[in-house]
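>>> Starting from these lines, generate the structure:
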Amino acid sequence: MDIDFDAIDYEIYQVDIEKQGNEYVPKHLKMTSQFNEAFVGYFTEMSNEGQIRQITRKVVDALGQMPAFDHRDLTAYVQRIVETTDSSKRVELLTNRNYQAKIKRHIKKITDQFLVSEFEKEIQKGEILLQEVYELPIEIKPAYSNGNISKSLYEAEAKSNNFETNLIMRIAGLANIIFWHKIDERQKKKAFSINGFLNHYPDFLIVTKKGTHILLEAKGDHLDGSDSALKLKLGKLWEKEAKQFGSDKYRYFMVFESKKLDGANDVEEVIEIVRAL
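Numbers count the residues shown, from 1 in each chain. Now for the predicted structure:
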């Protein structure tokens, strides 16, 4: 298993369940160095099989809900990680939340890679097809709105953050824009999404006078989550497959406030591209 644990600080926490109102929540208390030493001594006296069994159970519990996996498969995979981890680091797998979080990130990474690979294979085999079937709802009733911005499709559009608002105001000011619409992920039954190896709800749908339909995902730097690369990959794959309906009928862009991924755009770049569509 290729998981690098070397950069993680060593720490042991006691976890108690504490009642807050009508709910019980975990309370983490960092233990003293004396307790750490005593715990390590107790753990190292266990048999190899006992260590593996206890660590595997505790790590699987710490990972929480992972619906994509059967519990037995997840347990078997974690056990393989434990078995191949140097014995000097096993106690940290058991007690250190940073180690457990790194295992969860690793599992998510390899899962994402598998899903992308299988999705692309199904497209190549013609098992997954793109169809023009989505219809915009006649009306929407967003819980929160930014107020009026010119060329919005609906009287009230879902609320945007500051970066999104500034971006769509600039785009709405372009002469070639017919309308824009804020896609509201919270309205999953009505909102447009790209269904692929993940369900991606871009921030905006924009339509130009030439008939180009643009999906725009706005990424302020504070929102640059780990799924950005996957969303960008899916969006560009959607754009590529949509060329069967016309070379410029459907376009996808991910826009970053300053930092950006390869294949994404900054604000000035996307403004110039949209102006020409």
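>>> tell me the centre residue of this structure?
By CA atoms, centre = their mean, the chain has its centre lying nearest to residue 227, at 3.4 Å.
>>> Return the residues in contact with it.
residue 198 (CB atoms under 8 Å, 6 or more residues apart in numbering). Just so you know, the C-beta spots here come from the backbone N, C-alpha and C atoms, and that holds for glycine as well.
>>> And the one 4 residues further on, by the same measure?
If a contact means CB under 8 Å, 6+ apart, then residue 231 has 198, 200, 217, 254 as its contacts.
>>> Filter the residues you listed down to just the ones in strands.
200, 217, 254 (DSSP state E).
>>> Can you give me the pLDDT of residue 10?
With respect to pLDDT, residue 10 has a value of 48.
>>> how near is residue 235 to residue 85?
Separation of residue 235 from residue 85 (CB to CB, to the nearest Å): 37 Å.
>>> Please tell me how far the closest residue in space to residue 164 that isn't next to it in sequence sits from residue 91.
Nearest non-adjacent residue to residue 164, counting by CB to CB, 6 or more residues apart in numbering: residue 218, 4.6 Å away. From residue 218 across to residue 91, the span is 44 Å (CB to CB).
>>> so what does the longest helix that the chain contains touch, helix or strand wise?
Criterion DSSP state H: the longest helix present in the chain is helix 97-124. Packed against helix 97-124 by the contact rule (3 or more CB pairs under 8 Å, 6 or more residues apart in numbering; DSSP states H and E) you find helix 48-63, helix 71-83, helix 90-95, helix 228-241.
>>> Can you point out the buried residues in the helix or strand that that helix is followed by?
For helix 97-124, the following helix or strand on the C-terminal side (DSSP states H and E) is helix 162-172. For helix 162-172, the buried set under the neighbour-count rule, 16 or more other CB atoms under 10 Å, comprises 163-165, 167-168, 171.
>>> again, but for stretch 257-277
Neighbour-count burial for stretch 257-277 [16+ other CB under 10 Å]: 257, 260, 264-265, 267, 270-271, 274, 277.
>>> Among the residues you listed, find the lowest-pLDDT one for me.
Taken together, the buried residues of stretch 257-277 show their lowest pLDDT at residue 260, with 73.
>>> doesn't residue 269 make contact with that one?
No - look at residue 260 against residue 269 with CB atoms under 8 Å: they stay out of range, at 9.1 Å.
>>> Find the residues that touch each one of those two.
By CB under 8 Å, 6+ apart, no residue touches both residue 260 and residue 269.
>>> what residue ranges in the stretch 51-200 of the chain score low on pLDDT?
Within the stretch 51-200 of the chain, the ranges that satisfy pLDDT under 70 run 67, 94-96.
>>> First-to-last residue distance for stretch 239-252?
One end of stretch 239-252 sits 6 Å from the other (CA to CA, to the nearest Å).
>>> neighbouring contacts of that stretch?
Taking CB under 8 Å, 6+ apart as the rule, stretch 239-252 contacts 123, 130, 132, 202, 210-217, 235-236, 238, 277.
>>> and of these, the nearest to residue 99?
The closest of the contacts of stretch 239-252 to residue 99 turns out to be residue 217 (CB to CB; 32.7 Å).
>>> Dig out what that closest one forms beta bridges with.
Per DSSP bridges, the residues bridged to residue 217 are residue 254.
>>> Ok, residue 205 next?
Here residue 205, judged by DSSP bridges, has bridge partners residue 181, residue 215.
>>> Thanks a lot, see you next time.
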